[in-house]
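Asks: Curious how this folds, go ahead:
(chains A and B)
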Number of protein chains: 2
Amino acid sequence: MRMLFSIFPERVTVMERKTGAGAGEKEFVKEITPRDQDYSQWYIDVILKTEMMDYAPVKGCMAIRPYGYAIWEKIQELLDRRIKATGHVNAYFPMFIPKGLLEKEAEHVEGFAPEVAWVTKGGSEELSEPLVVRPTSEAIICDFYSRWIQSWRDLPVLINQWCNIVRWEKATRPFLRTSEFLWQEGHTCHRTAEEAEEEALKMLEVYREFLEEELSIPVIPGRKTEQEKFAGAMHTYTIEALMSDRRALQAGTSHNLGQHFAKVFNITFLDKDDQLKYVWQTSWGVSTRLIGALIMVHGDDRGLVLPPRVAPIQAVLVPILSKKAGAEVLSAANRLADSLKGLVRLQLDDREEYSPGWKYNQWEMKGVPVRIELGPRDLENKQVVLVRRDSGAREAVPLEEVPQRLPALLEAVQTDLFKKALAFREENTRRGESYEDFVSVMETQRGFYLAFWCGRTECELKAKEDTKATIRCIPFQQEEAAGHNCLVCGKPAKAQVYWARSY
Amino acid sequence: MRMLFSIFPERVTVMERKTGAGAGEKEFVKEITPRDQDYSQWYIDVILKTEMMDYAPVKGCMAIRPYGYAIWEKIQELLDRRIKATGHVNAYFPMFIPKGLLEKEAEHVEGFAPEVAWVTKGGSEELSEPLVVRPTSEAIICDFYSRWIQSWRDLPVLINQWCNIVRWEKATRPFLRTSEFLWQEGHTCHRTAEEAEEEALKMLEVYREFLEEELSIPVIPGRKTEQEKFAGAMHTYTIEALMSDRRALQAGTSHNLGQHFAKVFNITFLDKDDQLKYVWQTSWGVSTRLIGALIMVHGDDRGLVLPPRVAPIQAVLVPILSKKAGAEVLSAANRLADSLKGLVRLQLDDREEYSPGWKYNQWEMKGVPVRIELGPRDLENKQVVLVRRDSGAREAVPLEEVPQRLPALLEAVQTDLFKKALAFREENTRRGESYEDFVSVMETQRGFYLAFWCGRTECELKAKEDTKATIRCIPFQQEEAAGHNCLVCGKPAKAQVYWARSY
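Replies: Predicted structure coming up:
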């Protein structure tokens, strides 16, 4: 059976020295660095060894290799289904935004201008007006919406697009923060403020369900502080996750834009009462950063651990071929593979030039959820052995029961990965009232710190200055703040918040 | 049932005058201009009235609106399936190509340099090396391949990507030629010249089947002349189609790149014989231009005519509501819609504010393959009337038979559209031996002109100078050239070719 994804980790280069002594020499990834030795290096080693990504000649950019891209395709498929099920349709807006358009909205351009790529020449001619490569598409889309929307009958407009984005980042990390990345961005227009708020919250809930059910990643839904929200938005909602190094990651956001962009871009409609009004808008997005989250929530020192719903290969069948029973075993393996067609994404690894043990290591590293072992003795006993990547648990299963048992096992793995990640997050969520304790915890242990806050930006900034931790969100699930004091300044608290050091 | 695609053609703007007298005024599309009155205007009217596309603030760029994008999604889904079925996997390469990389291959850069968009600034800093937005991805992909490929065991590499492309075009036309467009581009590497040739021809055949079976568009597969081939390729293969204005359209291409790029980018592998060799490459692509082809092959003066396989809405159910039997009819319509779930992409148009006649016009304009009429009398007779968009044929069908008969009818429409387009092409393909006849035909009738050619570029260029027609391809299906003379110069012919004026 053809290998869809190549697997030659011993030849995966970390880097090729371009100049100086040793120029042209390649450094190869040997073993995966243990997480507690050097977490950043572990992350890079996993990505390179599993051939998910490669560095591009342009700093901060990446090529998403077939194995990494297959995960993105699954994410797209499953999320797009949910986006469509909530009444949205896809479209495609232009990538280039004229300078003038971007600059129409002051907060927006202030937030993004330092990060944009400028196109100044087309062919051999200087352009009369420089163009920006979209860092996000509000400006170009609002321009279209101002022409497309005229009556209340045109609302709501529920449009989404899947596209590439460019943000000229200073510090980049594969999948987590790259100068070019892929995402989906929804942009909606509504008749009333209530509808827009409902939509913003609805899409955050779509994201929450998606992360928890398909990616097995537990998230905390909540609202961003004024300091942290999207440039130009009224409210920003977020889902926050905890990575295995106990840093937080913002996994997705949904913004209630109010009428702010509508006023700037003149998106008006004639309402039922014959009055001309501004629309109420939302926007929301998740990106290839989710792949980084998958690596850092579930991965271990042997490499990737993928939730079955998004694993390109859900099970790998490794026949153990001996001289005596090789042909029979192979034959049985092929029959088993046929019986699983359409039920499970299966790879049969029948390559003769590699030993079973070598194969076990490679597919574990690639994070394949279940390994199916089938050797001469298994064949005699009319069984296979199913081995879980997440727990290492081994289970003998009769051959004819595999088509029922394997899908059920994969679902159990999906759920168990979620439970394990949730338990980890709960173990690493500390509640406290003492600023000294907070400072110490953020320094030595990180994790989430659940505490109360007076609502003032000064306290937020002081905490950031002292610990590098930021308020990740004001969670929807709130305990009563009355009677509690701000972690930082001690004054009466207004809300409960999660602090954390983050990516 | 919610309308997924808005439909307010009376308010679709052709343009809004920016300056001068009448600045700010909008011009609306009234009726669709008949094709024989002004074909170019017909094309624009159809695209705008059906809300498939809108012009962007940046010249030559477009927004693909939901109805147009839904067609692209169907094309992607059906073609991606065939690309995967032939052993390819998807990946994603960076959009930015450093100047130096693009310039490595002389013919390639000569072909594309006048058309590329240059990024010269990131944020507020000038970039040390200007970047090009990909006009096609050979250069950036070859750079990665040179690092990824080392042994014959790494081959073949069969990778495809779906992405956006930018080519700074002088003359643009929505979908047919836009400065930014969407496409897929496959890039493969092989051990031998034979394998590369086999792959290039295999993918052309995938395209041919796809165009003919899913888009109902007949195509002529063949090889491009040296003059017309891709800059840097050894051979370029093409599929050529005839539009209803009797101009040809290049619908897709597949290139055998030989070892040309491999030598420039140093893509080598250690072969089985321990020799270091250069790989043999192919690349192939189709784009959003296919949407333009769909419009111009099947569309008529009432608007779009979509083949069912790619129609976002395959059938529209219009209940005819009278005061007397309105509720019953609506109820029956909803039951019918439920019975068709998962079988047919159905839209139930139960909007009360529009008359049935108005709805018939709109959905015909949108090119929906079949209309289902259900009025009080139909309900009495326990039937519906199925009306074909392509032929206008009406057929009464018992209600309970619709779930079987409608899918079969859609398949019949799919095939009939192909037959009709093939007949049109055959009627407009002229065979000739006289240059004067050729010049006259190209001037007055256009269409394909099948004739013999000596193989020399001078004749090709002379014909182009005199008629604007180019050699579209040297078709695989060839009649023996011996004994025939070149259409242009009269010397002994080497091959049979199709000439045509084209987009």
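Asks: how about the residue nearest in space to the middle of chain A, what does it touch?
Replies: When Cα atoms, centre = their mean is applied to chain A, the residue found nearest the centroid is A:Leu290 (0.9 Å). For A:Leu290, the contacting residues are A:Ile75, A:Leu211, A:Leu215, A:Ala251, A:Gly252, by Cβ atoms under 8 Å, 6 or more residues apart in numbering or on different chains. (Each C-beta comes from the backbone N, C-alpha and C, glycine too.)
Asks: So which of these wins on neighbours?
Replies: A:Leu215 (30 neighbours; other Cβ atoms under 10 Å in any protein chain shown).
Asks: thinking again about what came up before, so of the contacts of A:Leu290, which ones are in helices?
Replies: A:Ile75, A:Leu211 (DSSP state H).
Asks: Tell me how confident the model is about stretch A:217-235, as a mean pLDDT.
Replies: Stretch A:217-235 shows a mean pLDDT of 95.
Asks: would JSON lines of the contacts of A:Leu290 with distance to A:His88 be doable?
Replies: Output for the contacts of A:Leu290, formatted as JSON lines (distance: Cβ to Cβ, whole Å):
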{"residue": "A:Ile75", "distance to A:His88": "17"}
{"residue": "A:Leu211", "distance to A:His88": "18"}
{"residue": "A:Leu215", "distance to A:His88": "20"}
{"residue": "A:Ala251", "distance to A:His88": "20"}
{"residue": "A:Gly252", "distance to A:His88": "15"}
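Asks: I'd like to know which of the contacts of A:Leu290 is nearest to B:Leu79.
Replies: Proximity of the contacts of A:Leu290 to B:Leu79 (Cβ to Cβ) peaks at A:Ile75, which lies at 20.7 Å.
Asks: SS state for the closest residue to chain B within the stretch 301-450 of chain A?
Replies: At 8.5 Å from chain B, A:Glu353 is the closest residue in the stretch 301-450 of chain A, using Cβ to the nearest Cβ. Classification of A:Glu353 by DSSP: H, G, I helix; E, B strand; the rest coil places it in coil.
Asks: what's around it, how many residues?
Replies: 6.
Asks: Ramachandran coordinates for it?
Replies: phi -80, psi 0 (degrees, to the nearest 10).
Asks: Could you count how many residues lie near the spatially closest residue to A:Lys494 that is not a sequence neighbour?
Replies: Spatial nearest neighbour of A:Lys494, excluding adjacent residues (Cβ to Cβ, 6 or more residues apart in numbering or on different chains): A:Gly455 at 3.9 Å. Other residues near A:Gly455 come to 18 when the count uses other Cβ under 10 Å.
Asks: from the middle of its chain, how far away would stretch A:135-146 be?
Replies: Distance, stretch centre to chain centre, for stretch A:135-146: 24 Å (Cα atoms, centre = their mean, to the nearest Å).
Asks: got a list of contacts for it?
Replies: Contacts for stretch A:135-146 (Cβ under 8 Å, 6+ apart): A:93-94, A:96-97, A:101-102, A:104-105, A:108, A:112, A:115-116, A:134, A:157, A:159, A:161, A:163, A:165-167, A:185, A:187, A:189, A:232, A:257, A:261-262, A:264-268, A:279, A:281, A:283, A:285, B:54, B:56-57, B:63.
Asks: what do you get if the cut-off is 6 Å, keeping everything else the same?
Replies: A:93-94, A:97, A:101-102, A:112, A:115-116, A:167, A:185, A:187, A:189, A:261, A:265-267, B:63 (Cβ atoms under 6 Å, 6 or more residues apart in numbering or on different chains).
Asks: gap between A:Leu201 and chain B?
Replies: 20 Å (Cβ to the nearest Cβ, to the nearest Å).
Asks: who's in contact with the residue of chain A most remote from its centre?
Replies: Distance from the C-alpha centroid of chain A, by Cα atoms, centre = their mean, peaks at A:Lys324 (47.5 Å). With contact set as Cβ under 6 Å, 6+ apart, A:Lys324 has no partners.
Asks: Can you tell me the SS state at it?
Replies: Assignment for A:Lys324 (three-state DSSP): coil.
Asks: What's the separation between it and A:Gly375?
Replies: A:Lys324 sits at a distance of 11 Å from A:Gly375 (criterion: Cβ to Cβ, to the nearest Å).
Asks: before we move on, what SS does A:Leu379 have?
Replies: Once three-state DSSP is applied, A:Leu379 turns out helix.
Asks: Check it and give its pLDDT.
Replies: pLDDT at A:Leu379 comes out at 94.
Asks: Buried residues of stretch A:477-488, list them for me.
Replies: A:Ala481, A:His484, A:Asn485, A:Cys486, A:Leu487, A:Val488 (16 or more other Cβ atoms under 10 Å in any protein chain shown).
Asks: what's the next secondary structure element after the helix ranked longest in chain A?
Replies: The residue-count maximum for a helix in chain A (DSSP H) belongs to helix A:402-427. Next helix or strand after helix A:402-427 toward the C-terminus (DSSP states H and E): strand A:429-431.
Asks: can you pull the contacts of A:Thr288?
Replies: A:Phe175, A:Phe181, A:Leu182.
Asks: Next, the closest residue to A:Ala117 other than its chain neighbours: phi, psi?
Replies: Nearest residue to A:Ala117, sequence neighbours excluded (Cβ to Cβ, 6+ apart): A:Val133, at 4.4 Å. Here is the backbone geometry of A:Val133 (degrees, to the nearest 10): phi -80, psi 130.
Asks: so A:Val133 makes contact with A:Glu115?
Replies: No: contact criterion Cβ atoms under 6 Å: A:Val133 and A:Glu115 do not qualify, at 10.4 Å.
Asks: Have a look at the two and say which one is more surrounded.
Replies: Between A:Val133 and A:Glu115, A:Val133 has the larger neighbour count (other Cβ under 10 Å), namely 24 against 17.
Asks: hey, what's that one bridged with?
Replies: A:Phe96 (DSSP bridges).
Asks: pretty sure A:Phe93 is in contact with B:Met62, am I right?
Replies: No: taking Cβ under 6 Å as the definition, A:Phe93 is not a contact partner of B:Met62, at 9.2 Å.
Asks: Only C-alpha atoms, please: export the helix or strand hosting A:Leu461 in PDB.
Replies: Using DSSP H and E, the element containing A:Leu461 is helix A:457-467. C-alpha atoms of helix A:457-467 as PDB (Å, rounded to 0.1, in the frame of the first residue of the first chain):
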ATOM      1  CA  THR A 457      -5.700  48.900  33.000                       C
ATOM      2  CA  GLU A 458      -3.000  50.100  35.400                       C
ATOM      3  CA  CYS A 459      -3.200  46.900  37.400                       C
ATOM      4  CA  GLU A 460      -3.200  44.800  34.200                       C
ATOM      5  CA  LEU A 461      -0.100  46.600  33.000                       C
ATOM      6  CA  LYS A 462       1.700  46.300  36.400                       C
ATOM      7  CA  ALA A 463       1.100  42.600  36.500                       C
ATOM      8  CA  LYS A 464       2.400  42.300  33.000                       C
ATOM      9  CA  GLU A 465       5.500  44.300  33.800                       C
ATOM     10  CA  ASP A 466       6.200  42.300  36.900                       C
ATOM     11  CA  THR A 467       5.500  38.800  35.600                       C
END
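Asks: moving C-terminal of it, what's the next helix or strand?
Replies: strand A:470-475.
Asks: and stretch A:264-280, does that touch chain B?
Replies: No: Stretch A:264-280 lies out of reach of chain B by Cβ under 6 Å from any Cβ of the partner chain, never closer than 11.2 Å.
Asks: Check which residues of that stretch are buried.
Replies: Counting neighbours by 16+ other Cβ under 10 Å, stretch A:264-280 gives A:Val264, A:Phe265, A:Ile267, A:Thr268, A:Phe269, A:Lys277, A:Tyr278, A:Val279, A:Trp280 as buried.
Asks: Return the subset of these lying in helices.
Replies: Here DSSP H is the test, and those give A:Val264, A:Phe265 as lying in helices.
Asks: neighbours around A:Trp363, how many?
Replies: 23.
Asks: which SS class is the residue of the stretch 151-300 of chain A found nearest chain B?
Replies: The minimum distance from the stretch 151-300 of chain A to chain B, using Cβ to the nearest Cβ, falls at A:Trp168 (3.9 Å). Put simply, A:Trp168 is coil when judged by three-state DSSP.
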